[in-house]
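Asker: Got a predicted model here, sequence first, then my questions.
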Amino acid sequence: MGSEGPSPVTVHVTGFKKFHGVSENPTQTIVRNLKEYMEKRGMPKGLILGSCSILESAGQGAIVPLYQMLQSAISRKDSESSSSDRIIWLHFGVNSGATRFAIEHQAVNEATFRCPDEMGWKPQKVPIIPADGGISRTRETSLPVREIVTALVKKGYEVIMSDDAGRFVCNYVYYQSLRFAEQNGIKSLFVHVPLFLTLDEATQMEFVASLLEVLASLP
């Protein structure tokens, strides 16, 4: 008899601290409270909730801790005799002008920050990874974004697929993560959420829980 269903998936989650124009970042609250929330709600079958980390809202200056964090999941996977051989990095960022959720399909190899990041860096038309080529280069997630969006819409959420994660810190982190994922045989996904003033915290926590359920159900 074959095994039932897909093998377990470990999802590591990140959010961001405050940044210019957003003094209270909803993703910081979501990620900080996620483990306790999911333990009370009940973890989806086949899902292991790994690390929940808050990133500095910065590009180049925060790249070392970002890579240390990404690498830690690989190291843990190699050192543990875990039955899970699937890893997803799930990144959350806020779009202060949005009224609904957006699942980001891709990131672009361009850093053009509209304002300095939290470490004072303000690049203009700079390739994120010069070795990848010019600023028009894109990297796409290997996860089935359309299927994920469709499943979430069926659950009653207003959510779209997006091909433009901007050119600020969110896109910067996503591009780095997608490149790392490709090199290490794992997966990466970025999701933009609205402000809590637009969509309340309870609704957003429910959305994240539903997203985790959808990710756990993927083959």
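Answerer: It's in. It should be emphasised that the depicted structure is a prediction, and the values quoted were computed from it without experimental measurement.
Asker: Strands of this protein, start to end?
Answerer: 9-16, 47-55, 86-94, 101-104, 106-108, 138-140, 159-162, 187-193 (DSSP state E).
Asker: right, and the ones you listed - which one's nearest F207?
Answerer: Ranking these by proximity to F207 (CB to CB) places strand 101-104 first, at 6.1 Å. Every C-beta, even on glycine, is put in place using the N, C-alpha and C of the backbone.
Asker: and that closest one, what does it pack onto?
Answerer: Judged by 3 or more CB pairs under 8 Å, 6 or more residues apart in numbering; DSSP states H and E, the packing partners of strand 101-104 are helix 145-154, strand 159-162, strand 187-193.
Asker: Export the strands of the chain to a markdown table and append columns for distance to E213, mean neighbour count and mean pLDDT.
Answerer: Formatted as a markdown table, these follow (distance: least, CB to CB, whole Å; neighbours: other CB atoms under 10 Å; pLDDT from 0 to 100):
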| stretch | distance to E213 | mean neighbour count | mean pLDDT |
| --- | --- | --- | --- |
| strand 9-16 | 11 | 23 | 96 |
| strand 47-55 | 8 | 18 | 95 |
| strand 86-94 | 13 | 24 | 96 |
| strand 101-104 | 14 | 23 | 98 |
| strand 106-108 | 24 | 23 | 98 |
| strand 138-140 | 23 | 16 | 98 |
| strand 159-162 | 14 | 17 | 98 |
| strand 187-193 | 14 | 25 | 98 |
